[in-house]
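Visitor: give me a 3D structure for the following:
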Amino acid sequence: MPDRDTAAWPWLRARLAAMRARQEAARRDDSGTRPGAVVRTAVVTDSAAALPPEWVSALTGDGVLTVIPMPVMVGSEIYGEGEDDISETIALALAAGTSVKTSRPSPGQFEQAYRAARQKGFEAVVSIHISGDLSGTADAARLAAARVDIPVEVVDSRTVGMALGMAVQAAVGAAADGGGAAAVAAAAAGQAGRTKVYFYVPSLEQLRRGGRIGAAASLLGTMLAIKPILAVEGGRIVLLEKVRSAARAVARLEEIVAADAAGRPASAVHLAIHHFGNPDEAKNLAARLALALPGRPPAQTSPLPAVLAAHAGLGVLAVIVGEELTETGSRSAGLST
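Guide: As a prediction, this is how the structure comes out:
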């Protein structure tokens, strides 16, 4: 899936390069003899964060970041997000009406990650996860935190997808600056709070099957052929608008995103578009948003993580609108980490 590589995410490359540059500068002064800041806090997240694999691999070697795979069950088979290439398997299963379900990672997986951080010399862990109203992942992390001898702060991001990913990136940046657990957790929570998720699904049925929306809402959409515009607010999926056609739904999604992004400082805005089974539609949406939002970094596209695609279904378009702050907490006019 090439559009997930960091080559297609220039602002992620900039974040990583800036972080590495600060780390290198912290290791030396003008004389080259004084030791610099030490990364004291490790960051753990789950694969619902939709982080580009190359960005993750650049950080996992030294233990700063660990991504716990989330399981997806297709029929009787269990797959690990990030461990198995399961997008096509899920797409075929959904088209055939085969059961597709998800589950939280086991507490043991988190426990292993926390103990590994301790062994690598970290003083604390900040564990940042998909909304607790959509998954029991944060609960599993809390169970594991109680079993280990390293302090662990669990952050329920109250969001999903690249919105969670942006929170993780902010946390990694704070950790790279030598921040303790409180500062790293605050960076994650602050970024998540500034980020919005808007999305369109052709059918509400898969969300209903997974318990993410009520049966009444799903039935209404099916009977009246309503195409919903949805959002994640307060950690839950909410209905923003009901539209009568797919074309109008996508157009309205574009309008909502453009209005949100236009109200933020231009160069501080980051847009990410997730898709499942419709990459061309996502790229076309990105191109239209670029025309509607001149002077802002272009939206980057990537497949929806399998654990989210299993609930959203084929044809989903999700747009994440994020905004970076400077290291002092004020709104940024440029890239920071």
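Visitor: C-alpha coordinates for stretch 141-153, CSV please?
Guide: Provided in CSV are the C-alpha atoms of stretch 141-153 (Å, rounded to 0.1, in the frame of the first residue of the first chain):
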residue,chain,number,x,y,z
ALA,A,141,-3.8,-1.5,28.8
ARG,A,142,-4.9,-0.5,32.3
LEU,A,143,-5.0,-4.1,33.4
ALA,A,144,-1.5,-4.6,32.1
ALA,A,145,-0.3,-1.4,33.8
ALA,A,146,-1.2,-2.7,37.2
ARG,A,147,1.0,-5.7,36.7
VAL,A,148,4.3,-4.1,35.8
ASP,A,149,7.0,-2.4,37.8
ILE,A,150,7.3,0.7,35.6
PRO,A,151,4.9,3.7,35.8
VAL,A,152,2.4,3.6,33.0
GLU,A,153,0.0,6.4,32.1
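Visitor: over to residue 270. Which of the three states is it?
Guide: Following DSSP: H, G, I helix; E, B strand; the rest coil, residue 270 is assigned to strand.
Visitor: per-residue pLDDT of it, please?
Guide: Looking at residue 270, its pLDDT reads 93.
Visitor: ok, it - how many residues close by?
Guide: Using other Cβ atoms under 10 Å, residue 270 has 26 neighbouring residues. Heads up, the C-betas are built off the backbone N, CA and C, glycines and all.
Visitor: ok, it touching residue 293?
Guide: No - counting by Cβ atoms under 8 Å, residue 270 stays clear of residue 293, with 11.5 Å between them.
Visitor: a strand runs through residue 147, doesn't it?
Guide: No - counting by three-state DSSP, residue 147 falls outside a strand, being coil.
Visitor: right, and the helix or strand after the worst-scoring helix or strand of the chain on mean pLDDT?
Guide: Lowest by mean pLDDT, DSSP states H and E among the helices and strands of the chain is helix 215-224, with a mean of 45. Later in the chain than helix 215-224, the nearest helix or strand by DSSP states H and E is strand 227-233.
Visitor: so how far is that next one off the chain centroid?
Guide: 17 Å (Cα atoms, centre = their mean, to the nearest Å).
Visitor: try stretch 168-179
Guide: The answer for stretch 168-179 is 16 Å, by Cα atoms, centre = their mean.
Visitor: what about that stretch, average pLDDT?
Guide: Here the average pLDDT along stretch 168-179 is 91.
Visitor: and stretch 308-316, by the same measure?
Guide: 87.
Visitor: off-centre distance for it?
Guide: 15 Å.
Visitor: ok, residues contacting it?
Guide: Outside stretch 308-316, the residues that touch it by Cβ atoms under 8 Å, 6 or more residues apart in numbering are 48, 50, 72, 87, 90-91, 94-95, 100-102, 160-161, 199-203, 205-207, 210, 212, 274-278, 281, 303-304, 318.
Visitor: need the distance between the two termini of it.
Guide: 10 Å (Cα to Cα, to the nearest Å).
Visitor: please apply the same query to stretch 59-71.
Guide: Using Cα to Cα, the span of stretch 59-71 from its first residue to its last is 22 Å.
Visitor: report the buried residues of that stretch.
Guide: The neighbour-count check on stretch 59-71 (16 or more other Cβ atoms under 10 Å) flags 59, 63, 64, 65, 66, 67, 68, 69, 70, 71 as buried.
Visitor: next secondary structure after the helix or strand harbouring residue 55?
Guide: Per DSSP H and E: residue 55 is located in helix 53-60. Using DSSP H and E, the helix or strand that follows helix 53-60 towards the C-terminus is strand 65-68.
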